[in-house]
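> fold the stuff below for me.
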Amino acid sequence: MHVAPNIDEKRLNNAIKSFSYVGQPDGIVALFDNTLFGSAKEGLLFTGERVIYKQVFSDPISIGYSSIAKVEHVEKPVGDKGKLDVSVVVTLKNGDRVVLKDLLGCKYDQLTNLLDSVFSGFSEFKEERQLIPLAEMSEPLKVAYIKAVINMAFDNDGVVDEKELAEILLLMTRIRLSPDSRFALRSYMATPGPGASLGDLMHLMNTECPSGQERPLHLSLVKDLLNVYFSTGGSDPEQFAFLQKHRGLLLVGDEEIELAVMAIRNDHAMLKDDFTDDKMIAAVKLMSAKAAAIGTPLAAVYLSGSVVGLSAAGMTSGLAALGMGGVLGMSSMATGIGVAVLLGVGVYAGVRKLTGANELGQSKRRELMLNEIIKQTQLTISLLIQDINFITARLNSLIESAGAQDSQIRKLMALMQQLSTTGTVLTDRAQAAQQGSARLRCAQFLDERKLKLLTKEPTKASLKDHIASFYEPREFQSEVDGKTTKVTKLAIRKDKTAEELESLAGSFALIGYFDVSEVIMGNAADIAERAKSSLAGLFK
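Numbers count the residues shown, from 1 in each chain. The predicted structure follows:
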C-alpha cells in the first residue's frame, strides 16, 4: 500500500496509464499494488472522488464514491474443503454491482469499512493536491504567515532585532513574496504598537489555505516560529512563551513540535564540516520514521523550505542528490507552473547522471545543497539592498521636505544615496551573471518533438507546457551555400528573470533533455508505440 506523497514515481506512472486515470498525478491519495513484482499496474487506486479497480487482463472499473449505495464483505464457501471465496461487493445506486476480489494480502473487512465510511460519511467528493508548498499558496496567506512570525518577534522583547530580521528575510525569500508584499511587511515591522492579532492572522490563513492543507500549514508555521525563537538564544519549546500562549490556535501536538525541532537541528547540522552525506541520510531517515509514526508527511515540515536557506525546491533537490528524492514526495506536488517546486532537482539529477552518484565524495552531494543555500542567501541580500534603497529614498524625501540645510546632513544623505546606488549596480551585475549562467543550461532553441518525447510520462506531462511557456517564435537569418534565408525558431523569451531561468534549467535536466540516453530511450519508446498501434490496426 503506497500513500501520497510517498508514492514511487515509476509506480505512479505505471498506475496512471494502466488504470486509465485522467486526473493530475498529485490527486492520487493511495495505491494498492496487486502485482507480484511491484509494477503497480493492477490493484486499487484511490483519489478524492473515486476508487479505480484494475485486474490483470481486464479493463479498469471506476467507482465514484457518490454513486455507491451499499458495500458488503462477502465470504462464500468453495468446494468441500472449507475454503472461502472472499470479496467486497459494491452495489451502485443504478443497481450495478462491482466485485472486488483476488487482491493479494488485502484485508477485505478493512477495505469494506474504508469504503463504507467514505461513501456514507461525506456528502461532497473532489480531487485535491496532496501537499502544496507555501511558495505556491496565495499572496495574502503568505503575508499573514510572515506577519505571524513578526508578531512573535515583537512579543519576545518589543523589537525585531537583527538576528530575527535575518531569519524573517530568509523566510520571505524562500516563499517567493512579491515586491508589493515585501513593502507591506516592511511597513508592518516599522509600525510601533500591536499589529493584527494572531487569531485574526490564523483565521485569514485558514480561509486562504487550500482545502486539506491546514495541518501541514500549521506545522510549517510552528517550525518557522521555533527557528526564529532559537535564533535569539532560545532552546526549549516548553519555555517558548509565544508558542505556549497560542497553542489553541495551532493544529499541532507535542510530537509534531518534536519533529519540527528535529528538522531545525538537522538543517543547522548541515552547515557543520563533519556532517557527511551518510550522516545526513541517517538523520533524514530518522525524521522520516518519526513523521510516519505520528501520521504526518515529512514534507509538511518543509512546506516553507529549510530554515538555513533552502527553498522547498532546494530541499527536494538536495535529497534527490542524496538518492532520497522520494522521502519528501515533493515531485508529486508540482503541476503546471507549480513545477517551480522542482527548481534545481533536475540539475542535481543531471549531475548524478553525468558523474555517477556513487563516485561523488562523501560530502559532494551535500556541497550541492550548500551551493543552493549560498544562492538563496545572495538573493536575500539583494532583496535587503532593495529595502535599504527604499528606506534611503524615503529618508531623503523626509529630510528635504523638512527643509534641513545642515551641510553635514546633506553630505551624509549624498553618501548614503551613493552607497545604495552602488549596491543596486552590484546586485544587477550579480543577477545578470546568474541569469547568463542559467541561460547556458537551457536550450537556446527548443526542439518541440524532442520535448514531447521526453515528457510522455504522466508525472512529467506538466513540464511540457511549463518549458514551452519560456519560448516564442522568432525569425533568424540562416546562410547555406552562400544563400541567406529567414528561418523561424522557438527562442527563449528575453523577459525571463534569473530565478525563472533556473526553474527552466532544472526542468530541462529533470527530463534529461541534454542526456543522450534519455533521448534515445524516448525515441525508442516512440517507435515502439507507433509499431504497437500499427500492429493493433493490422490485426483489427
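
> next secondary structure after the lowest-mean-pLDDT helix or strand in the chain?
One helix or strand of the chain scores below all others by mean pLDDT, DSSP states H and E: helix 345-355, with a mean of 33. Later in the chain than helix 345-355, the nearest helix or strand by DSSP states H and E is helix 364-401.

> what is that next one packed up against?
For helix 364-401, the elements it packs on are helix 162-174, helix 179-190, helix 277-293, helix 312-321, helix 345-355, helix 407-440, judged by 3 or more CB pairs under 8 Å, 6 or more residues apart in numbering; DSSP states H and E. Any C-beta I mention is one placed from the backbone N, CA and C, and that applies to glycine too.

> if you average pLDDT over each of the ones you listed, which is lowest?
Sorting these by mean pLDDT places helix 345-355 lowest, at a mean of 33.

> low-confidence stretches in the stretch 1-150 of the chain?
Where the stretch 1-150 of the chain drops to pLDDT under 70, the residues are 5-6, 130.

> the closest residue to residue 39 other than its chain neighbours: what secondary structure?
Leaving aside its sequence neighbours, residue 39 sits nearest to residue 14 (CB to CB, 6 or more residues apart in numbering; 5.4 Å). In three-state terms, and counting by DSSP: H, G, I helix; E, B strand; the rest coil, residue 14 is helix.

> hmm, residue 14 is touching residue 42, no?
No - Residue 14 is beyond contact range of residue 42, at 9.8 Å (criterion: CB atoms under 8 Å).

> and the two? Which one has more around it.
residue 42 (25 against 21; other CB atoms under 10 Å).

> give me phi/psi at that one?
phi -140, psi 160 (degrees, to the nearest 10).

> and if you look at residue 486?
Here residue 486 shows phi and psi, under degrees, to the nearest 10, equal to phi -100, psi 130.

> nearest residue to it in space, please, no chain neighbours.
Closest residue to residue 486 apart from its sequence neighbours, by CB to CB, 6+ apart: residue 475 at 5.3 Å.

> doesn't the one you found lie inside a strand?
Yes - assessed by three-state DSSP, residue 475 belongs to a strand.

> gap between it and residue 492?
Separation of residue 475 from residue 492 (CB to CB, to the nearest Å): 15 Å.

> more crowded one of those two?
Counting neighbours by other CB under 10 Å for residue 475 and for residue 492 shows that residue 492 has the greater number, 18 against 9.

> residue boundaries of the helices in the stretch 1-150 of the chain?
Secondary structure of the stretch 1-150 of the chain by DSSP state H, counting those that start in this stretch: the helices cover 9-18, 108-121, 139-157.

> any low-confidence regions in the stretch 401-540 of the chain?
403-410, 412-413, 415-420, 423-424, 426-427, 430-431, 434, 516-540.

> if you set the cut-off to 50 instead, what comes out?
Where the stretch 401-540 of the chain drops to pLDDT under 50, the residues are 540.

> what residues does the residue nearest to residue 39 make contact with?
39-41 (CB atoms under 8 Å, 6 or more residues apart in numbering).

> what's the PyMOL syntax to select whichever of the residues you listed are buried?
Selection of the buried residues among the contacts of residue 14 in PyMOL, burial being defined by 16 or more other CB atoms under 10 Å:
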select buried, resi 40+41
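
> can you redo the contacts of residue 14 as a markdown table with distance to residue 253?
Below are the contacts of residue 14 laid out as a markdown table (distance: CB to CB, whole Å):
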| residue | distance to residue 253 |
| --- | --- |
| 39 | 38 |
| 40 | 33 |
| 41 | 38 |
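
> just the closest of the contacts of residue 14 to residue 170, please.
Proximity of the contacts of residue 14 to residue 170 (CB to CB) peaks at residue 40, which lies at 39.1 Å.

> look up phi and psi at that closest one.
Torsion angles, degrees, to the nearest 10, at residue 40: phi 60, psi 30.

> next up, the contacts around it.
2, 8, 11-12, 14-15, 18, 31, 33.

> which non-adjacent residue is nearest it?
Going by CB to CB, 6+ apart, residue 40 has residue 11 as its nearest residue, at 3.8 Å.

> ok, now how distant is that neighbour from residue 180?
Using CB to CB, which is the criterion applied here, residue 11 is 42 Å from residue 180.

> and the two? which has more neighbours close in?
residue 11 (17 against 10).

> isn't that one up against residue 39?
Yes - in this structure, residue 11 is within contact of residue 39 by CB under 8 Å, at 7.2 Å.

> between the two, what contacts are shared?
Shared contacts of residue 11 and residue 39 (CB under 8 Å, 6+ apart): residue 33.

> can you tell me the closest non-neighbouring residue to residue 290?
Leaving aside its sequence neighbours, residue 290 sits nearest to residue 259 (CB to CB, 6+ apart; 5.5 Å).

> for residue 255, give me its contacts.
Taking CB under 8 Å, 6+ apart, we find residue 255 in contact with 290, 293-294.

> assign a three-state SS to it, would you?
helix.

> now it: how far from residue 393?
Residue 255 is 49 Å from residue 393, by CB to CB.

> neighbours around the residue nearest to residue 290, how many?
Around residue 259 there are 24 residues (other CB under 10 Å).

> spit out the contact partners of it.
Here residue 259 is in contact with 219, 287, 290-291, 294, 296, 301 (criterion: CB under 8 Å, 6+ apart).

> show me what counts as buried in stretch 223-238.
Across stretch 223-238, burial judged by 16+ other CB under 10 Å covers 223-231, 234, 237.

> do the same with stretch 275-293
275, 277, 279-281, 283-284, 287-288, 290-291.

> any regions of the stretch 251-400 of the chain where pLDDT drops low?
330-362.

> quick one, phi/psi of residue 441?
Dihedral pair for residue 441: phi -90, psi 10, per degrees, to the nearest 10.

> thinking again about what came up before, do I have it right that the residue nearest to residue 486 meets residue 487?
Yes - counting by CB under 8 Å, residue 475 touches residue 487, with 7.2 Å between them.

> do you know how far the most far-flung residue of the chain relative to its centre is from residue 195?
Using CA atoms, centre = their mean, the residue of the chain lying farthest from its centre is residue 80. It sits 55.7 Å away. Computed as CB to CB, the residue 80 to residue 195 distance reads 78 Å.

> then residue 437?
Taken as CB to CB, the span from residue 437 to residue 195 is 40 Å.

> those two: who's more crowded?
More crowded of residue 437 and residue 195, by other CB under 10 Å: residue 195, with 16 against 13.

> how about that one, what does it touch?
147, 150-151, 154, 188 are the contacts of residue 195 under CB under 8 Å, 6+ apart.

> switch to 10 Å and redo it
Contact analysis of residue 195 by CB atoms under 10 Å, 6 or more residues apart in numbering lists 147-148, 150-151, 154, 188-189, 201.

> re the thing from before, now the helices of the stretch 1-150 of the chain as JSON lines including distance to residue 206?
Listed next are the helices of the stretch 1-150 of the chain as JSON lines, based on distance: least, CB to CB, whole Å:
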{"stretch": "helix 9-18", "distance to residue 206": "30"}
{"stretch": "helix 108-121", "distance to residue 206": "22"}
{"stretch": "helix 139-157", "distance to residue 206": "9"}
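
> please name whichever of those helices is nearest to residue 102.
Nearest of the helices of the stretch 1-150 of the chain to residue 102, taken as CB to CB: helix 108-121 at 10.9 Å.

> CA atoms of the closest one as CSV?
Provided in CSV are the C-alpha atoms of helix 108-121 (Å, rounded to 0.1, in the frame of the first residue of the first chain):
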residue,chain,number,x,y,z
TYR,A,108,-11.3,-7.3,2.9
ASP,A,109,-13.1,-6.4,6.1
GLN,A,110,-11.0,-3.3,6.5
LEU,A,111,-11.5,-2.4,2.8
THR,A,112,-15.2,-2.8,3.4
ASN,A,113,-15.1,-0.5,6.4
LEU,A,114,-13.0,2.1,4.5
LEU,A,115,-15.3,2.3,1.5
ASP,A,116,-18.4,2.3,3.7
SER,A,117,-17.1,5.1,5.9
VAL,A,118,-16.1,7.1,2.8
PHE,A,119,-19.4,7.0,0.9
SER,A,120,-21.6,7.2,3.9
GLY,A,121,-19.6,9.7,5.9
